[in-house]
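Visitor: Structure, please.
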Amino acid sequence: MGLVDRYANLVAGRRAWVVLLAVVAAGVLIMGLAGSNDSSGQGPKSLPASAESARVGAAAGQFPGGDTAAVVLVATRADGSALGAQDLAAVDAAADRMRSNTGDRDPAVVSPDRQAALVSVPVPAALDGFALSDRVKSLRALAQRDAPPQLVFQVTGGPAFGADIAESFAGANVLLLVVTALVVMVLLIATYRSPVLWLVPLSVVALADRVATAVGTGLSPLTGLAFDGSTSGITSVLVFGAGTNYALLLVSRYRDELHHNDSHRDALRAAVRRAAPAILASNATVVIALLTLLLAVLPNTRSLGAFAAAGLLVALVFVLFALPPALALCGRKVFWPFVPRVDGRDEAQAGAWYSVARRVVARPAAVAVPVLALLLLCASGLLVTKVGLAHTEQFRVRAESVDGLHSLAAHFPSGTSDPAIVLATTDTAATVQQVLDHSAGVSRARVTGESGTGLTRWSVVLDAPPASGQAFATIEQLRGELRAIPDSQAQVGGSDAQALDTRNAARHDQALVIPLILAVILAVLLVLLRALPAALVLVTVTVVSALAALGLGSMVSDHVFGFPALDTNVPLFGFLFLVALGVDYTIFLVVRAREEAEQHGTVEGMVRAVASTGAVITSAGVVLAAVFCVLGVLPLITLTQLGIVVGIGILLDTFVVRTVAVPALFAVLGDRIWWPTVQHCDHSPEGEPKPAAVR
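Guide: This is a model prediction of the structure:
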């Protein structure tokens with residue numbers, strides 16, 4: 001008895017309840033030991049520690065006041081008129097309330113048009129997450145207390161921006177979980193048309209999601225990676241989506257086997273034996289692809305790779321070791337009111353997908369060419385896609401920090417709200433100051449402190465909108481000019497430099513990780529199928545489909561939702577999920593096609609495979625696309641865009657690639673698709689191919 005047979009007997013036998021109890025008990029124990037996720041209120045951390053701007057930030061503690069950061073109070077009149085003496089006095093009073101016992105009493109700075117004023121208020125630099133959110137909310141309340149009705153106060157700046165991110169995630173992951181569970185519930189009920197059956201897979205996957213969150217929480221301090229709100233949300237979506245897909249495949253095969261077995265346990269054993277290898281191969285592909293993200297330099301990318309991979313392994317364990325025992329305990333009546341009876345029905349020769357596949361293979365070239373042309377046309381949208389969101393463009397919800405930045409930009413030089421930071425050796429300070437004074441794009445540069453280690457710090461106001469192409473060009477220019485000063489050890493940091501370094505790191509990660517993902521998927525398909533042409537065709541069509549989804553998704557993001565650009569993380573994450581998850585359906589389909597080809601030949605085997613798996617692939621694709629679209633309930637444009645791109649891509653994969661393009665290409669190549677494992681393919685006198693022998 002082989003390993004797969006022993007496994008099938010374990011999870012479908014009379015003592016399967018012991019396995020179910022052990023898995024549930026282990027999950028509860030893990031949740032109890034891990035505790036709560038304290039970092040869920042944090043936004044994604046996307047700045048590499050090795051970046052120049054990160055080194056500047058790390059050196060802040062060497063300077064007086066380096067343990068503090070500054071929020072900015074912006075004051076304008078509600079009617080847009082100039083500020084008077086009483087208004088400025090009220091601004092100073094609000095600043096005094098906010099500063100409390102800090103001892104800082106600098107007066108407000110008035111804009112050149114006298115329609116706005118700003119005051120800096122120090123806050124501890126160590127605050128982050130919900131602690132930072134609470135402090136900023138307190139400062140905003142102090143500013144508004146006793147404020148004259150004619151004045152509009154807004155608290156902005158770097159800490160306020162971080163606080164608004166934390167606040168926007170408050171309760172968001174709970175909402176994400178609830179909406180995801182409701183979406184999966186509705187789709188499972190629609191798929192199975194049973195008021196009972198949906199409870200079993202949904203309960204298993206929901207418990208897997210909670211255990212995956214606990215695993216991520218426990219791994220975070222061990223790995224040094226942040227399991228933040230964004231990573232937690234995406235991991236939940238992956239666990240629910242992939243876990244439900246695995247469950248659909250297993251339950252679908254179980255239902256097929258019930259038409260041929262009197263014993264529901266025998267049917268379940270047969271279903272598990274045939275479905276488990278495909279589920280395992282699919283999971284291994286996605287997990288290995290996710291682990292390639294550990295080679296990235298962006299911290300949030302590495303975090304997603306580690307925690308999403310761990311989450312999918314948890315989903316695999318629950319689907320393979322908890323779902324079959326649960327089904328075994330329920331029996332065939334769990335499908336009520338449409339209980340499968342023993343009638344010998346062959347699902348591979350009936351249904352809408354059988355008709356579709358039969359028409360596709362009748363004229364495969366006439367189908368494949370226009371389908372591939374359509375995908376390439378969608379992919380062309382990438383040629384006009386703008387990539388990179390500024391800080392002020394990342395929220396999908398209203399944020400006071402963003403409104404405050406807009407108010408500042410309307411009345412002060414563009415970079416006033418968030419100056420760049422320059423560090424250089426004190427011995428070269430005079431030369432550095434001269435370079436800064438004469439650099440194009442610099443409005444003002446002033447020394448703000450000296451450290452005890454021989455460094456001087458400058459605050460540099462740029463004449464460019466934050467995180468714009470003009471600001472990036474100025475940062476790169478400054479870095480080049482300052483490095484040319486001998487022994488200056490000059491470094492440029494600040495928010496604009498951080499955004500530039502993040503963009504460059506994202507480009508590095510795309511160039512490194514995307515080829516690795518493709519190599520991993522090709523290797524898995526070669527091992528699974530032992531057929532070089534099949535693996536190459538499947539990887540190629542999956543890549544074309546992913547590019548089409550990115551192109552079409554970027555156009556929808558721009559023209560339908562009005563988002564200004566794709567975030568820097570979306571191309572890599574979108575490509576990863578589309579290619580890796582798209583291979584899920586490839587494996588479900590082609591493993592069945594290879595199985596059928598042993599008895600019916602390549603073309604007929606593909607027709608039977610499409611007929612057999614069409615319904616489950618369609619259901620799984622709709623579920624996965626809907627689950628990714630649920631990312632739209634989270635507050636960041638990045639996650640909404642990821643949901644749009646992946647949702648579109650999964651639907652393309654489900655209804656176009658797996659059910660039309662792949663069968664057409666297999667029919668065009670015929671038995672050559674399985675090279676070198678095909679032995680021969682004889683033909684009947686009428687010219688119809690006989691079954692091909694596939695090793």
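Visitor: So which bits of the longest helix anywhere in the chain are buried?
Guide: Of all segments of type helix in the chain, defined using DSSP state H, the longest is helix 495-529. Judged by neighbour count using 16 or more other CB atoms under 10 Å, the buried positions of helix 495-529 are 495-506, 509-510, 513-514, 517-518, 520-522, 524-525, 528-529. Where C-beta positions appear, they are placed from N, C-alpha and C, glycine not excepted.
Visitor: For that helix, give the mean pLDDT please.
Guide: For helix 495-529, mean pLDDT is 90.
Visitor: For Ala214, give me its contacts.
Guide: Residues in contact with Ala214 (CB atoms under 8 Å, 6 or more residues apart in numbering) are 30-31, 33-35.
Visitor: which stretches of the stretch 501-650 of the chain have low pLDDT?
Guide: Applying pLDDT under 70 to the stretch 501-650 of the chain flags no residue at all.
Visitor: any chance you could map the strands in it?
Guide: Remark: strands of the stretch 501-650 of the chain are absent; assignment by DSSP state E, counting those that start in this stretch.
Visitor: wouldn't Thr231 be in contact with Ser303 here?
Guide: Yes: checked against CB atoms under 8 Å, the pair Thr231 and Ser303 is within contact range at 4.9 Å.
Visitor: And the nearest residue to Leu532 once chain neighbours are set aside, its phi and psi?
Guide: With CB to CB, 6 or more residues apart in numbering as the criterion, Leu532 has its nearest non-adjacent residue at 6.3 Å, and that residue is Trp675. In this entry, Trp675 is assigned phi and psi values of phi -60, psi 140 (degrees, to the nearest 10).
Visitor: quick check, nearest of the contacts of Ala214 to Pro122?
Guide: Gly35 (32.8 Å; CB to CB).
Visitor: Give me the pLDDT for that closest one.
Guide: pLDDT, read off for Gly35, is 69.
Visitor: just Gln477 next, same as before
Guide: 94.
Visitor: follow-up on the earlier one: how many residues are close by the residue nearest to Leu532?
Guide: 13 (other CB atoms under 10 Å).
Visitor: What of Ala82?
Guide: With neighbours defined by other CB under 10 Å, the count for Ala82 comes to 12.
Visitor: ditto for Ala143
Guide: Neighbours of Ala143 (other CB under 10 Å): 25.
Visitor: Pretty sure it sits against Ala93.
Guide: No: judged on CB under 8 Å, Ala143 makes no contact with Ala93 at a distance of 9.8 Å.
Visitor: Just say helix, strand or coil for Ala117.
Guide: The assignment at Ala117 comes out as strand when based on DSSP: H, G, I helix; E, B strand; the rest coil.
Visitor: list the helices and strands the helix or strand hosting Val179 packs on?
Guide: According to DSSP states H and E, Val179 maps onto helix 172-192. With contacts taken as 3 or more CB pairs under 8 Å, 6 or more residues apart in numbering; DSSP states H and E, helix 172-192 sits against helix 199-223, helix 229-258, helix 602-629.
Visitor: Please render those as JSON lines that adds distance to Gly454 to the earlier fields.
Guide: Shown next, in JSON lines, are those (distance: least, CB to CB, whole Å):
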{"stretch": "helix 199-223", "distance to Gly454": "36"}
{"stretch": "helix 229-258", "distance to Gly454": "39"}
{"stretch": "helix 602-629", "distance to Gly454": "52"}
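Visitor: Can you name every helix or strand that the helix or strand Leu377 falls within contacts?
Guide: Using DSSP H and E, the element containing Leu377 is helix 364-379. Counting contacts by 3+ CB pairs under 8 Å, 6+ apart, helix 364-379 is packed against helix 532-559, helix 662-669.
Visitor: Could you give the average pLDDT over it?
Guide: pLDDT averaged over helix 364-379 gives 94.
Visitor: tilt between it and helix 532-559?
Guide: 40 degrees (axes from the mean of the first three to the mean of the last three CA atoms, to 10 degrees).
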